[in-house]
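Enquirer: Predicted coordinates and the sequence they were generated for:
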Amino acid sequence: MSQDNEKRLAAETAVHRYVENGTFKGGIIGVGTGSTVNFFIDALAPFRDKIKAAVSSSEASSDRLRKLGIDVLDLNAAGRLDLYVDGADECDAQKRLIKGGGAALTREKIVAAASDKFVCIIDASKQVDVLGTFPLPIEVIPMARSLVAREIVALGGQPVWRDGVVTDNGNWILDVHNWRITQPVELEATLNQIVGIVTVGLFAKRPADVVIVGNREI
Ligand SMILES: O=C[C@H](O)[C@H](O)[C@H](O)COP(=O)(O)O
């Protein structure tokens, strides 16, 4: 099966299990960002009546949801969310993730923190034994880019500025290459202490609750 078909299958499985038949009844849904989530948004269309509204992690997803007639709320107005569905760039056996390939990591981490259940939808290529083959995205305040990069080098990483990319929050992204992340919770905590870092694309302290790979739930 192609990668796109696996993404579509994971997205449709999430809609089937958690929106069509699940415990999610007419509430507000958190929706992430990326190509897998685009399949999820499209698969939501027949069930829009089961959704009161959505909170989204990017302008792109908000536009796509609105085009389907789904209201998009500000998180401050929505409060706590029952369910959050999003993709990932890498996922280990403990459901810890690397996210931010599409530069949406900060809003994604906020929506994940506000949600009771985080369902992650991926294709099999995203599953890894040890996180870090995919370069770790880190959102930084623009004026602190070099400062943060030097701190990361001191920690053994190789940061590369994603030149030309500005996040929805007006910040920049450093992608950290060649980091075999054997202790994700500890690394996330260490990076969170560096002044100038807004968000680290490691979702280890708050991993996914459920991961759907194709039509398998793990
Ligand atoms: O910033 C983007 C997000 O973290 C995405 O969820 C992640 O990059 C996966 O994207 P895709 O579903 O396109 O592979």
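Expert: Yes, it's here. Numbering: from 1, shown residues only.

Enquirer: Name the SS class of residue 166, please.
Expert: For residue 166, the secondary-structure state derived from DSSP: H, G, I helix; E, B strand; the rest coil is coil.

Enquirer: Let me know how buried it is, in neighbour terms.
Expert: Neighbour count of residue 166, defined by other Cβ atoms under 10 Å: 12. To be clear about C-beta, it is placed using only N, CA and C from the backbone, and glycine gets the same treatment.

Enquirer: and if you look at residue 21?
Expert: 9.

Enquirer: For it, report the pLDDT, please.
Expert: pLDDT for residue 21: 84.

Enquirer: what's the answer for residue 1, then?
Expert: Residue 1 is given a pLDDT of 86.

Enquirer: repeat for residue 77
Expert: For residue 77, the pLDDT comes out at 94.

Enquirer: mind giving me the domain split of this protein?
Expert: 3-128+206-217, 136-203 (automatic domain parsing).

Enquirer: highest average neighbour count across these?
Expert: domain 3-128+206-217 (a mean of 20; mean count of other Cβ atoms under 10 Å).

Enquirer: end to end, how far does that domain reach?
Expert: Distance between the two ends of domain 3-128+206-217: 17 Å, counting by Cα to Cα, to the nearest Å.

Enquirer: is any part of it close to the ligand?
Expert: Yes: residues of domain 3-128+206-217 are located near the ligand by Cβ under 6 Å from any ligand atom, namely 32-36, 86-89, 99-105, 108.

Enquirer: Likewise for stretch 151-169?
Expert: No: Stretch 151-169 does not reach the ligand (Cβ under 6 Å from any ligand atom); its nearest approach is 9.1 Å.

Enquirer: Equivalent analysis for stretch 194-205, please.
Expert: No: Stretch 194-205 stays clear of the ligand (Cβ under 6 Å from any ligand atom), getting no nearer than 7.0 Å.

Enquirer: Could you identify the helix or strand that succeeds the longest helix along the chain?
Expert: What stands out as the longest helix in the chain, according to DSSP state H, is helix 3-14. Next along the chain after helix 3-14, taking DSSP states H and E as the criterion, comes strand 28-31.

Enquirer: Right, I'll leave it there.
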